[in-house]
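Trainee: I would like to see how this sequence folds:
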Amino acid sequence: MADAASRLATLAEELLGGPLQVRLRAWDGSEAGPVGGPVLVVRDRRALRRMIWKPGELGLARAWVAGELDVEGDLYALLDGISGLLWERDGDGRGLLEVARDPRLRAAAAALLKLAGPLPPPRPPAEEVRGRSGGRHTRRRDKQAISHHYDVGNDFYELVLGPSMVYSCAYWAADGPGATLEGAQRDKLDLVARKLNLREGDRLLDVGCGWGSMALHAAREYGARVVGITLSREQAAYARKRIAEEGLTDLVEIRVQDYRDVTDGPYDAISSIGMAEHVGAVRYREYADILYGLLKPGGRLLNHQISRRPEPDEEAYAIDPFIDAYVFPDGELAPMGRTLGTLEDAGFEVRDVEAIREHYALTLRHWVANLEREWDRAVRLTSPGRARIWRLYMAASAVSFERNRIGVNQFLAVKTPVSGRSGTALRPRVWNEKV
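Mentor: Next up, the predicted model:
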């Protein structure tokens, strides 16, 4: 088919109502669009069939995971260039078929159908979530969601995350020469420990403990007695091995346990780092109530959580289709204000909120660099589709943090007793000051 790229670019501009922001290369080798930047490569016209039959972000995601779409050049620049299509314009889930209902665009839509080739569309990639059982955020379904994301092999996570094995936003003093991901993650763990005012012998509950990094840091550096909980058996096995190797089994216990089943309070402190995104709006008040009940009077909670911008109509909020189908099934983000209000409704006194979204953008760029540097090994450890999912999800997330579409915040909350003595320092952000 002659010059498929020019035809595709013309159709895209007609359907989108504006100039194409990126260069296209089609399956026949032809190119169209602005020069000098990254190139969106449509390797197979099956990608068009996916987007026609599943309009919007999910169709694009399926084509990407299947290897029918690719990028040559700067992936971040391309994602930023098409952000209007992916987020601002398509935020309501409308896609090419919905747009084509406008009579003025029917001819363009018909030409696109012809260009896409024989129907029906290909099957979804094998990596897409299927067969979910039970209502959203039941114990069973939450365990399935966690297993989908985390039980893909500890070797793969070592490759992406690096030696720290911390899967949350690092805390960067700077990002110049000499700055390392490992150092920034260590600084984040220590920031959490200082905000919690950990002391030797304190009982710490680490909710969503991952591969045990926070538990190890709290025990090794502060002498805390730590219980870490996770729903991932692979994470738990890895964390227990690390704990044994460091000789800290007398201070750290790792459980495969749902937060709803923890009953052995009170704890002096609770850390929840990158876990609350899995809880879901329907469970969040219950989650806050449970953590409040597990703390002793005067105990502290450090809740580290990704947030989203508020919607004009909050009832219209929907989970991102790519993230839901391929990355974090059932994962939900809440606006920062809603999280703060829910913590207060549960009885907490919120003493500090620190916004660190730029730090997550830097962290994600380091993770992407790790993945790209070890690409062939990542593919061997998982699958080509899985590696492509992670590259797109992390790069797109970095752009979203940079563009303030999403943020990440640390909430320090206290179970302040009736006396009103919160136990926090008079001066803000002096976390290790004795009171």
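Trainee: which secondary structure elements does the helix or strand where Arg377 lies contact?
Mentor: Using DSSP states H and E, Arg377 maps to helix 375-381. Using 3 or more C-beta pairs under 8 Å, 6 or more residues apart in numbering; DSSP states H and E as the contact criterion, the neighbours of helix 375-381 among helices and strands are helix 154-161, helix 384-402. No exception for glycine: its C-beta is placed from N, CA and C like everyone else's.
Trainee: got these as JSON lines, with distance to Ala281 and mean pLDDT columns?
Mentor: Output for those, formatted as JSON lines (distance: least, C-beta to C-beta, whole Å; pLDDT from 0 to 100):
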{"stretch": "helix 154-161", "distance to Ala281": "28", "mean pLDDT": "95"}
{"stretch": "helix 384-402", "distance to Ala281": "20", "mean pLDDT": "95"}
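Trainee: Out of the ones you listed, which one sits most buried?
Mentor: Mean neighbour count, computed with mean count of other C-beta atoms under 10 Å, is highest for helix 384-402 among the helices and strands packed on helix 375-381, reaching a mean of 22.
Trainee: Average pLDDT for the helix or strand that comes right after that helix, rounded please.
Mentor: With elements assigned by DSSP H and E, the helix or strand that comes after helix 384-402 is strand 406-414. The average of the pLDDT scores along strand 406-414 is 97.
Trainee: and if you look at stretch 178-192?
Mentor: Over the span of stretch 178-192, the pLDDT mean works out to 95.
Trainee: Stretch 344-361 now?
Mentor: 97.
Trainee: Please report the separation between the first and final residues of that stretch.
Mentor: From the first residue to the last, stretch 344-361 extends over 29 Å; the measure is C-alpha to C-alpha, to the nearest Å.
Trainee: now do stretch 60-77
Mentor: Its first and final residues considered, stretch 60-77 spans 17 Å by C-alpha to C-alpha.
Trainee: Using TSV, please lay out the helices and strands packed on helix 375-381 together with distance to Thr180.
Mentor: Converted to TSV, the helices and strands packed on helix 375-381 look like this (distance: least, C-beta to C-beta, whole Å):
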stretch	distance to Thr180
helix 154-161	13
helix 384-402	18
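Trainee: And those helices: which comes nearest Arg309?
Mentor: Ranking the helices and strands packed on helix 375-381 by proximity to Arg309 (C-beta to C-beta) places helix 384-402 first, at 10.0 Å.
Trainee: just how off-centre is the closest one within its chain?
Mentor: Taking the mean of its C-alpha atoms, helix 384-402 sits 9 Å from the chain's own mean (C-alpha atoms, centre = their mean, to the nearest Å).
Trainee: go on, stretch 222-232?
Mentor: Counting by C-alpha atoms, centre = their mean, stretch 222-232 is centred 22 Å from the centre of its parent chain.
Trainee: Now the spatially closest residue to Gly347 that is not a sequence neighbour: which helix or strand?
Mentor: Nearest residue to Gly347, sequence neighbours excluded (C-beta to C-beta, 6 or more residues apart in numbering): Tyr292, at 5.1 Å. With elements delineated by DSSP H and E, Tyr292 resides in helix 284-294, which encompasses its position.
Trainee: to the chain's geometric centre, what's the distance from the next helix-or-strand element following that helix?
Mentor: Following the chain from helix 284-294 toward its C-terminal end, the next helix or strand by DSSP H and E is strand 295-308. If you compare the mean C-alpha spot of strand 295-308 with that of the full chain, they lie 19 Å apart, counting by C-alpha atoms, centre = their mean.
Trainee: Just the CA trace of the helix or strand Ala215 falls within, in PDB.
Mentor: Under the criterion DSSP H and E, the helix or strand holding Ala215 is helix 213-222. Backbone C-alpha positions of helix 213-222 (Å, rounded to 0.1, in the frame of the first residue of the first chain) are rendered in PDB as follows:
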ATOM      1  CA  SER A 213      13.600  -2.500  52.700                       C
ATOM      2  CA  MET A 214      11.800  -0.300  55.200                       C
ATOM      3  CA  ALA A 215      11.600  -3.000  57.800                       C
ATOM      4  CA  LEU A 216      15.300  -3.700  57.400                       C
ATOM      5  CA  HIS A 217      16.200   0.000  57.700                       C
ATOM      6  CA  ALA A 218      14.000   0.500  60.700                       C
ATOM      7  CA  ALA A 219      15.500  -2.500  62.500                       C
ATOM      8  CA  ARG A 220      19.100  -2.000  61.500                       C
ATOM      9  CA  GLU A 221      19.400   1.700  61.900                       C
ATOM     10  CA  TYR A 222      16.900   2.400  64.700                       C
END
